[in-house]
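Student: give me a model of this one.
(chains A and B)
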Amino acid sequence: MNWTVIRALLARDLGMIRRSRALMLPMLFLPTLLLVVLPAAIGLSARERTLDVETFVNMLPESIAEPVLSAPPEERLIILVLGYMVAPLFLIVPLMVSSVLAADTFAGEKERKTLETLLHLPVSDRDLYVAKLLSTFVPSTAVAWVGFVVFCVVSNVVCWPVMGRVFIPTRTWMLVIFWLAPAVAALGLGVMVRVSLRVENTQEAQQLGGAVVLPMVVVAVGQTTGLLLAGPVVTVVVGLVVWLIAGTLNWRGMRAYRRNTMAARL
Amino acid sequence: MSDPVLSCEGLTRHFPSGTALDGLTLDARAGEVLALLGPNGAGKTTTMRLLNGVLSPDAGTATVLGLNPWRQGEELRARTGVLTENAGLDERLTALENLTFVARVRGMDPEAARPRAMELLERFGMAHRADVRVQGFSTGQRKRVALARALLHDPELLFLDEPTSGLDPVATRDVVELIGSLAAEHGRTVVLCTHFLGEAGRLASRMAVLFSGHLHAFGTPEELAGELWSGVEVRLDLGHQADGDLLRTLTGLTHVVQCVPVEQGLLARVTSRDAVPSLVAACVAAGKSVYAAEPRQPSLEDVYFEIEARSARLGPTGDLPGVHR
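Tutor: Numbering: from 1, shown residues only, chains lettered A, B, ... in the order given. I've put the predicted structure just below:
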């Protein structure tokens, strides 16, 4: 692989993402809402004791209810929402960001009529594909990680009067963010880059890709809270499985990508 | 004669929508401008993509700069420059960024790339907009930046797809002169896909005329004209349109092939330039005043439209000039 070429393509793509409002807004809006506004609101509610969660917690399975109810009453809202219920959002964010960006990779180049120029450059098929994967993977993972740091800071600061200690991140949280979230991002782009290759424009890629990615979002939402309860070992294993699927999808995509096929669709 | 820089034989490419190119055989020599002429959908851009190793053929062979375009595509593309029909610039980048990005991909030293990019932007009158995003550029400005980008690494072979479309007359003249000088002074080979016959006539030493993926003619305009028509066309200015008696008299002469009346006289086709004096003498003998007699070489337009007309009559397998089946 020619890393000089890949770095050049990556730098150009990241620069263009930075300058595109259509890409930057969804990348920033959802994470801000989920990872800053939500923890701040929960923290403030807990301080005011305006929400009573016991009734709700008692309706949950014992495995979830038990760790929440074992905490002092004033901490229960925070532990329930910020400690467990917010967790799926950290998988939705990279999945969503990678989907938005991956839809723009090849379909966006086609739409902007820049793909042919790229194909006429001395870049191998593999280098071009890898650069496109990285230009999606790097920002989506970065958004998830930066978002998590911001989430931890906001949550601990806002909840300090109630909790009196740094309560996140825990070891399992760290695994979810630094092991599982990138795997989910890779999974999303493994699907979306291949969709982007086959369609004419970004809108089509997003619509078609959404049909594939949405069920993945549902699964992520359904399972992540469970992972936090199941502990680090299960999180590592689940992460490994997701990485394997994502790796296979991306490897197959790279092997299937041919300049000739792309040029024939111009 | 120098070895061809580019040669292909039987190049064929099908798409689901139909055959884009069928059995193309041609070559180009070093320092030559080869014009690919033909209407939209003729197969010009497909030819360019095939010869630069971007598309693979369904049949046929090619050697470009001594390389196989489909097995050694990367190596080939490092030595060629391409201007696509749509300038293909990244709108969110500035003109200079568009050039320096390509310079980085082509492995140019960043220290050398920037001054080289600025030099080319200067040459195409775009230096003042080097740091402006391409988004607001006119078609002509985009084309100029894209041309600068194609020349950045001083390529040995240039594929130019409609290089002057969208340019104003001054920019068109500049680009045509530049293409001419690249070939004549710098020995670069240029494959020029164009609709503009005037531009091709000024630049191209040989032309390949394509219709619906078939090569219908290949050679210099003079060679093609020689195969299309025998003899020389002469325009006689008689001050009025030639009458039927005069036309019959002239058509009866040994060296006259054909005579047709025009507004101020007649157009005659004679077997050679030597027949022109006897043609004039015959007119004078018939009591006509001859104000001018002008032997006329067929223009590229004449050749092109004649080929087009004959192609329509004969079909793709008809006997056409310069194409030896």
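
Student: and the strands in the stretch 1-150 of chain B, which stretches?
Tutor: B:4-15, B:18-29, B:33-37, B:59-64, B:80-83 (DSSP state E, counting those that start in this stretch).

Student: list, one by one, the residues from the stretch 151-300 of chain B near chain A.
Tutor: Applying CB under 8 Å from any CB of the partner chain, one finds that the stretch 151-300 of chain B approaches chain A through B:F159. Where you see a C-beta, it was placed from the backbone N, CA and C, and this is true even at glycine.

Student: in the stretch 151-300 of chain B, which residue sits closest to chain A?
Tutor: Of all residues in the stretch 151-300 of chain B, B:F159 sits closest to chain A, with a separation of 7.9 Å (CB to the nearest CB).

Student: surely that residue forms part of a helix?
Tutor: No - under DSSP: H, G, I helix; E, B strand; the rest coil, B:F159 falls outside any helix and is assigned strand.

Student: sec struct for B:V280, please.
Tutor: At B:V280 the chain is in helix, as set by three-state DSSP.

Student: likewise B:D154?
Tutor: Using three-state DSSP, the secondary structure recorded for B:D154 is coil.

Student: for the stretch 51-200 of chain A, which residues are neighbours of chain B?
Tutor: Counting by CB under 8 Å from any CB, the stretch 51-200 of chain A sits next to chain B at A:112-117, A:119-124.

Student: give me the nearest residue to the residue of the stretch 101-250 of chain B found nearest chain A, chain neighbours excluded.
Tutor: Proximity of the stretch 101-250 of chain B to chain A (CB to the nearest CB) peaks at B:R104, 3.7 Å away. Spatial nearest neighbour of B:R104, excluding adjacent residues (CB to CB, 6 or more residues apart in numbering or on different chains): A:A8 at 3.7 Å.

Student: and A:N2, by the same measure?
Tutor: A:D127 (5.4 Å).

Student: neighbours of the one you found, how many?
Tutor: 21 (other CB atoms under 10 Å in any protein chain shown).

Student: before we move on, the earlier item: so of the residues of the stretch 51-200 of chain A next to chain B, which ones are in helices?
Tutor: In helices, judged by DSSP state H, the following of these are found: A:115-117, A:119.

Student: in CSV, list these along with distance to A:A46.
Tutor: Below are those laid out as CSV (distance: CB to CB, whole Å):
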residue, distance to A:A46
A:L115, 51
A:E116, 56
A:T117, 55
A:L119, 56
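
Student: by neighbours, which of the residues you listed wins?
Tutor: Ranking those using other CB under 10 Å puts A:L119 first, with 26 neighbours.

Student: and the residue nearest the centre of the chain?
Tutor: Picked chain A for this. A:P94 (1.0 Å; CA atoms, centre = their mean).

Student: meant chain B actually
Tutor: B:A35 (2.6 Å).

Student: quick one: contacts for that one?
Tutor: B:192-194, B:200, B:203-204, B:206-208 (CB atoms under 8 Å, 6 or more residues apart in numbering or on different chains).

Student: quick one: B:L83 and B:T164 touch, right?
Tutor: No - contact criterion CB atoms under 8 Å: B:L83 and B:T164 do not qualify, at 10.3 Å.

Student: what's near enough to touch the closest residue to B:N68 other than its chain neighbours?
Tutor: Distances taken as CB to CB, 6+ apart place B:A62 nearest to B:N68, at 7.4 Å, with adjacent residues excluded. Applying CB under 8 Å, 6+ apart to B:A62 gives the contacts B:6-9, B:11, B:50-51, B:68-69.

Student: how about the helices in the stretch 151-266 of chain A?
Tutor: Ranges of helices in the stretch 151-266 of chain A, per DSSP state H, counting those that start in this stretch, are A:171-175, A:181-198, A:202-230, A:232-256, A:259-264.

Student: what does chain B give?
Tutor: B:44-51, B:73-77, B:95-105, B:110-123, B:139-151, B:169-184, B:197-203, B:221-228, B:244-251, B:276-285, B:300-314.

Student: can you lay out those helices as CSV showing distance to A:E66, mean neighbour count and mean pLDDT?
Tutor: Converted to CSV, the helices of chain B look like this (distance: least, CB to CB, whole Å; neighbours: other CB atoms under 10 Å in any protein chain shown; pLDDT from 0 to 100):
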stretch, distance to A:E66, mean neighbour count, mean pLDDT
helix B:44-51, 65, 26, 94
helix B:73-77, 61, 21, 95
helix B:95-105, 56, 24, 94
helix B:110-123, 60, 16, 91
helix B:139-151, 64, 23, 90
helix B:169-184, 76, 16, 83
helix B:197-203, 81, 19, 84
helix B:221-228, 90, 18, 79
helix B:244-251, 112, 15, 91
helix B:276-285, 111, 15, 91
helix B:300-314, 85, 17, 80
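
Student: for residue 34, list the residues it contacts.
Tutor: With no chain named, the answer covers chain A. Contacts for A:L34 (CB under 8 Å, 6+ apart) come out as A:86, A:89, A:92-93, A:147.

Student: actually it's chain B I care about, not the one you picked
Tutor: Listed by CB under 8 Å, 6+ apart, the contact partners of B:L34 are B:6, B:26, B:28, B:189-192, B:204-208.

Student: can you tell me how far it is from chain A?
Tutor: Between B:L34 and chain A the distance is 18 Å, computed by CB to the nearest CB, to the nearest Å.

Student: show me what that residue is bridged to.
Tutor: Beta-bridge partners for B:L34, by DSSP bridges, are B:V191, B:R206.

Student: do you know how far it is from A:L38?
Tutor: Computed as CB to CB, to the nearest Å, the B:L34 to A:L38 distance reads 64 Å.

Student: next: B:L178.
Tutor: 59 Å.

Student: just A:G231 next, same as before
Tutor: Counting by CB to CB, the gap from A:G231 to A:L38 is 25 Å.

Student: quick one: which of these two has more around it?
Tutor: In terms of neighbours (other CB under 10 Å), A:L38 is the more surrounded of A:G231 and A:L38; the figures are 19 against 12.

Student: the more buried one reaches A:F90, doesn't it?
Tutor: No - A:L38 is beyond contact range of A:F90, at 11.7 Å (criterion: CB under 8 Å).

Student: CA atoms only: put whichever strand or helix holds A:P31 into PDB for me.
Tutor: Here A:P31, judged by DSSP states H and E, is contained in helix A:21-32. Extracted C-alpha coordinates of helix A:21-32, given in PDB (Å, rounded to 0.1, in the frame of the first residue of the first chain):
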ATOM      1  CA  ARG A  21     -22.100  22.000   6.300                       C
ATOM      2  CA  ALA A  22     -24.200  19.200   5.000                       C
ATOM      3  CA  LEU A  23     -21.800  16.700   6.600                       C
ATOM      4  CA  MET A  24     -20.700  18.700   9.600                       C
ATOM      5  CA  LEU A  25     -24.200  19.500  11.000                       C
ATOM      6  CA  PRO A  26     -25.400  15.900  11.400                       C
ATOM      7  CA  MET A  27     -21.900  15.000  12.800                       C
ATOM      8  CA  LEU A  28     -22.200  17.700  15.500                       C
ATOM      9  CA  PHE A  29     -25.900  18.100  16.100                       C
ATOM     10  CA  LEU A  30     -26.800  14.600  17.300                       C
ATOM     11  CA  PRO A  31     -23.700  14.100  19.500                       C
ATOM     12  CA  THR A  32     -24.200  17.500  21.100                       C
END
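
Student: contacts for the following helix or strand past that helix, please.
Tutor: Per DSSP H and E, the first helix or strand lying C-terminal to helix A:21-32 is helix A:38-48. With CB under 8 Å, 6+ apart as the test, helix A:38-48 has contacts from A:51, A:74-75, A:77-78, A:81-82, A:86, A:89, A:151, A:154-155, A:157-159, A:161-162.

Student: circling back: return the distance of the residue nearest to A:N2 relative to A:V86.
Tutor: Distance of A:D127 to A:V86, given as CB to CB: 38 Å.
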